[in-house]
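>>> Quick check, what structure comes out for this input:
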Amino acid sequence: MMFKLVEVKVLGSYRLWLRYADGVEGEVDLSDLAGRGVFEAWNDRHFFDDVRIDDSGALAWGNHIDLCPDALYLRITGKTPGEIFPNLKTIELHA
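Residues are numbered from 1 along each chain as shown. All right, here's what the predicted structure looks like:
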């Protein structure tokens, strides 16, 4: 099950408002990513403001930055992967 993004709005300070097809909506703060690695591109405010939902359903900037809609759904709802993906299996590792 993938959560389909249907709308995105830029709020400022690396925050976005998102709405999903199932009616879930809310703000997500991405400031923890800003300025790190590929996200240095967000230092240009015009670049960050040019966010879109791409053909795969991810949030995208330019041709090289995208964020998984499922991960953003977790941030907005505060749920764990196990709560929204009940068939998710965990693997116990022994080192």
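>>> Quick one: neighbours of the closest residue to Thr80 other than its chain neighbours, just the number.
Nearest residue to Thr80, sequence neighbours excluded (CB to CB, 6 or more residues apart in numbering): Leu74, at 7.3 Å. C-beta here means a position set from N, CA and C on the backbone, and glycine is covered the same way. Using other CB atoms under 10 Å, Leu74 has 18 other residues around it.
>>> Just the buried residues of the helix or strand where Leu74 lies, please?
Taking DSSP states H and E as the definition, Leu74 sits inside helix 69-77. Neighbour-count burial for helix 69-77 flags 69-70, 72-74, 76 (criterion: 16 or more other CB atoms under 10 Å).
>>> Just the strands from the chain, written as ranges.
5-12, 15-20, 25-29, 52-53, 59-61, 65-67 (DSSP state E).
>>> rewinding a little: what's the spacing between the residue nearest to Thr80 and Val24?
Distance from Leu74 to Val24, counting by CB to CB, to the nearest Å: 11 Å.
>>> Next: Ile53.
Distance from Ile53 to Val24, by CB to CB: 15 Å.
>>> Can you pick out the residue with more neighbours from the two?
Ile53 (17 against 13).
>>> Give me the local confidence score for that one.
Ile53 is assigned 97 on the pLDDT scale.
>>> Who are the contact partners of the spatially most central residue of the chain?
The residue lying closest to the centre of the chain (CA atoms, centre = their mean) is Leu72, at 3.4 Å. Contacts for Leu72 (CB atoms under 8 Å, 6 or more residues apart in numbering) come out as 5, 18, 28, 59.
>>> what's the burial count for Leu11?
So Leu11, with other CB under 10 Å, has 11 neighbours.
>>> quick thing: my sequence starts at 37, can you match it?
I'll keep to 37 as the first residue from here, and by that count the last item is Leu47.
>>> Ala77 versus Gly62, what's the distance?
From Gly62 over to Ala77 (counting by CB to CB), the distance is 24 Å.
>>> same question but for Gly93, I mixed them up
On the measure of CB to CB, Gly93 and Ala77 end up 21 Å apart.
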